[in-house]
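J.: Next comes the sequence, and after it the predicted model I'd like to discuss.
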Amino acid sequence: MAGDGGADPVIHFVFVHGASHGAWCWYKLTTLLETAGFKATSVDLTGAGISLTDSNTVFDSDQYNRPLYSLLSALPPSHKVILVGHSIGGGSVTDALCKFTNKISMAIYLAASMVRPGSTPSPQPSSNLHGDVGEETIWEFTYGEGKDKSPTGVIMKQQFIRQYYYNQSPLEDVTLASKLLRPAPVRALNGLDKLPPNPEAEKVPRVYIKTAKDNMFDSASQDRLVKNWPPSQLYVLEESDHSAFFSVPTTLFTYLLRAVSFLQR
Ligand SMILES: CC[C@H]1c2cc3[nH]c4c(c3C)C(=O)[C@H](C(=O)OC)c4c3nc(cc4[nH]c(cc(n2)[C@@H]1C)c(C(C)=O)c4C)[C@@H](C)[C@@H]3CCC(=O)O
């Protein structure tokens, strides 16, 4: 199936992280999938995870997504992958879907931004980075080009990550994440989800996985994305916070397998 009936029968999942996260956040899922005989790759976008680039120097979405584009361009000719994006990583998935349509057999959006190419995205809480608690903002900005210029990076303040990203996740994972989160490149994120119409990309099956106990991206906002660009399959992770890869990895694993089983028929 991954090879579309070609020489390579292995189902290959490629995971894309959201803002401030990295390939590291998928460690439970990639382990479960590989143990079950699938191929699973997680990628660090530019300036994330162990990428050597300072995220303050990432100017646009193409530069940010380049590691994903490189991975997709390097696939053997008949090999297709299942692309899974988390949160704002859904924007990277849609970008890749438009640029590498024939390399992707299914796009899966996990609590993710899923905006139809050619449409105007409705503003999200994060797009102007509200999310204030009383007087205090939950975000910390970095100014790589000086305080008098626009911010180049943004990261959630440490004291809020448990409440907003990981409210149902094991404390060990919160500790791990607190060491690994990096500022996200504001200018690159601003360029995501601004794509021209793409009828070919629209033919690729899409799946949306909602996270029901999500303090970051509420149910109504996720429903709005689903209503504006209906996917072929919809799942709900009832016990999940924004970070299903930590809070409900085994259920997420079974939903991924159920989703791809429709491709094999
Ligand atoms: C600089 C504004 C930029 C933006 C930043 C941003 N978006 C998210 C984060 C940040 C820093 C998060 O931390 C969160 C995430 O990835 O968690 C791992 C973000 C989300 N963004 C979503 C949807 C969404 N964001 C934007 C726009 C932006 N986000 C700005 C360009 C859009 C569009 C197209 O306007 C959309 C659909 C969610 C998937 C999550 C949760 C966001 C929330 O509810 O605050």
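T.: Yep, that arrived. Residues are numbered from 1 along each chain as shown.

J.: Can you give me every residue that contacts residue 48?
T.: When contacts are counted by Cβ atoms under 8 Å, 6 or more residues apart in numbering, residue 48 touches 17, 20, 21, 22, 23, 55, 182, 184. Backbone N, C-alpha and C define where each C-beta goes, glycine included.

J.: ditto for residue 116
T.: Residues near residue 116 by Cβ under 8 Å, 6+ apart: 202, 228, 229.

J.: Can you give me the pLDDT of the second one?
T.: Each residue has a pLDDT score; the one for residue 228 is 96.

J.: quick one on the thing from earlier: same list (the contacts of residue 48) but as TSV, adding pLDDT and secondary structure.
T.: What follows is the contacts of residue 48, written out as TSV (pLDDT from 0 to 100; DSSP: H, G, I helix; E, B strand; the rest coil):
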residue	pLDDT	secondary structure
17	98	coil
20	98	coil
21	98	coil
22	98	coil
23	98	helix
55	95	helix
182	98	coil
184	97	strand
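
J.: Distance check, the spatially closest residue to residue 206 that is not a sequence neighbour against residue 209.
T.: With sequence-adjacent residues excluded and distances taken as Cβ to Cβ, 6 or more residues apart in numbering, residue 206 is closest to residue 231, at 4.2 Å. The gap separating residue 231 from residue 209 is 9 Å, by Cβ to Cβ, to the nearest Å.

J.: Those two: who's more crowded?
T.: residue 209 (25 against 18; other Cβ atoms under 10 Å).

J.: so that one touches residue 237, yeah?
T.: Yes - under the criterion of Cβ atoms under 8 Å, residue 209 lies in contact with residue 237, with a separation of 6.2 Å.

J.: overlap in contacts of these two?
T.: When contacts are counted by Cβ under 8 Å, 6+ apart, residue 209 and residue 237 have 244, 252, 255 as shared neighbours.

J.: Do you know the pLDDT at the first one?
T.: According to the model's per-residue confidence, residue 244 sits at a pLDDT of 99.

J.: residues contacting the closest residue in space to it that isn't next to it in sequence?
T.: Using Cβ to Cβ, 6+ apart and skipping residues adjacent in sequence, the residue nearest residue 244 is residue 252, 4.8 Å away. Taking Cβ under 8 Å, 6+ apart, we find residue 252 in contact with 29, 110, 209, 237, 240, 244, 245.

J.: Give me the buried stretch members for the helix ranked longest in the chain, please.
T.: Of all the elements of type helix in the chain, the one with the most residues (DSSP state H) is helix 249-264. Residues 249, 251, 252, 253, 255, 256, 259, 260 are the ones in helix 249-264 that count as buried (16 or more other Cβ atoms under 10 Å).

J.: For the residue nearest to the fifth one when sequence neighbours are not counted, give the beta-bridge partners.
T.: Think residue 255. Nearest residue to residue 255 in three dimensions, chain neighbours excluded: residue 235, at 4.7 Å (Cβ to Cβ, 6+ apart). Taking DSSP bridges, one finds residue 209 as the beta-bridge partners of residue 235.
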